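**Q** This is a predicted model, with the sequence first.
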Amino acid sequence: MATDFPVIEELIPHRGSLLLLDRVVDFAGATVMAEYTPRSDAWYVDADGNMPAWIGLELMAQAIAAHVALEKRLSGLPPKMGALLGTRSYRSSAAAFVAGSPLTLRATQIMCDPGGLAAYECTIESGGITLAEAVLKAYEPEDFETFMRSNKQ
């Protein structure tokens, strides 16, 4: 299990206000853990200055991207672009994640096929309490640009 991780910008392509992870804190096999602290001055704040819980899906997706990037690094490969396909159910016990309260994201790969389709069991916790959970499906095509062109409507 590694304890020293690259900065998040080296792992996922998101930049500026769309980068929603602060750092990876653990990576062991099928599981990655990352942290993010919602900001009260961010683009996503609700009327109370907090992060709406529905943005948790993107937090989970970025944790998955970090997991894939770390796996690629172990194999000596660069990270590739992927796509979030969705989830059947996203459950959150909170309407919003409180600004200034650190969140821990956990993504555990539960399925991966050779064609690039994967499923991850994901949770968002704060203070040891699970606030949200979902199983997300993601796809890492061999050629992302071709995949995007072929799927335009």
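**A** Nice, thanks for sending it over.
**Q** Could I get the buried residue list for the worst-scoring helix or strand of the chain on mean pLDDT?
**A** Counting by mean pLDDT, DSSP states H and E, the weakest-scoring helix or strand in the chain turns out to be helix 144-150, with a mean of 77. Applying a neighbour-count criterion of 16 or more other C-beta atoms under 10 Å, one finds Phe147 buried in helix 144-150. From N, CA and C alone the C-beta is placed, and that goes for glycine too.
**Q** can you list contacts of it?
**A** Residues from elsewhere that reach helix 144-150 (C-beta atoms under 8 Å, 6 or more residues apart in numbering): Lys80, Met81, Gly82, Ala83, Tyr139, Pro141.
**Q** Can you add secondary structure and give those residues back as CSV?
**A** Listed next are the contacts of helix 144-150 as CSV, based on DSSP: H, G, I helix; E, B strand; the rest coil:
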residue, secondary structure
Lys80, coil
Met81, coil
Gly82, coil
Ala83, strand
Tyr139, strand
Pro141, coil
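**Q** Could you give me the ChimeraX syntax to select whichever of these are buried?
**A** Entered in ChimeraX, the line below selects the buried ones among the contacts of helix 144-150, by 16+ other C-beta under 10 Å:
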select :80,82,83,141
